[in-house]
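Give me coordinates for this.
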Amino acid sequence: MVECGGLENRCSREATGGSNPSLSAMYYTYILKSQFNGTYYKGSTSDLEKRLKFHNAGKSKYTKKYRPWKLHYYESFETKTEAIKRELFFKSVEGHFWLKQNGII
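The predicted model follows:
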């Protein structure tokens, strides 16, 4: 099962493969919410805590002007490829509607 966080842990996707996620590195697709103006930012990383600090430190050109950011939602994956695919889906028109339909954004 793919782990999800935020919004009462809403997630029903199953991960592919059978390895135990706790025994390997995890990759995350995340959504941040600006506490400044309520906009959302979608990305992927292998370290959620470090990435959130990066955004809040103003080290990202796009997110710098909308600080502070709060982790709004995330999903974990066993591979970097899966996390990036999910990030690209979230950034697509289809993904935007899926996120709205599921009450995530």
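
how about stretch 48-60: buried residues?
48, 51-52, 54-56, 60 (16 or more other C-beta atoms under 10 Å). No exception for glycine: its C-beta is placed from N, CA and C like everyone else's.

Now do the helices in this structure.
Taking DSSP state H, the helices of the chain run over residues 48-56, 80-91, 93-101.

hang on, residue 78 packs against residue 46?
No. In this structure residue 78 lies outside contact range of residue 46 using C-beta atoms under 8 Å: 11.5 Å.

shared neighbours of the two, which are they?
Counting by C-beta atoms under 8 Å, 6 or more residues apart in numbering, the shared contacts of residue 78 and residue 46 are 26-27.

Please tell me how far the nearest residue to residue 72 once chain neighbours are set aside sits from residue 80.
Once flanking residues are discounted, residue 72 sits nearest to residue 33: 4.0 Å by C-beta to C-beta, 6 or more residues apart in numbering. In this view, residue 33 and residue 80 are 24 Å apart by C-beta to C-beta, to the nearest Å.

The two - which one has more neighbours?
Neighbour totals were compared for residue 33 and residue 80, and residue 33 leads with 19 against 15 (other C-beta atoms under 10 Å).

Across the sheet, point out what pairs with the more buried one.
Residue 33 has these beta-bridge partners by DSSP bridges: residue 40, residue 70.
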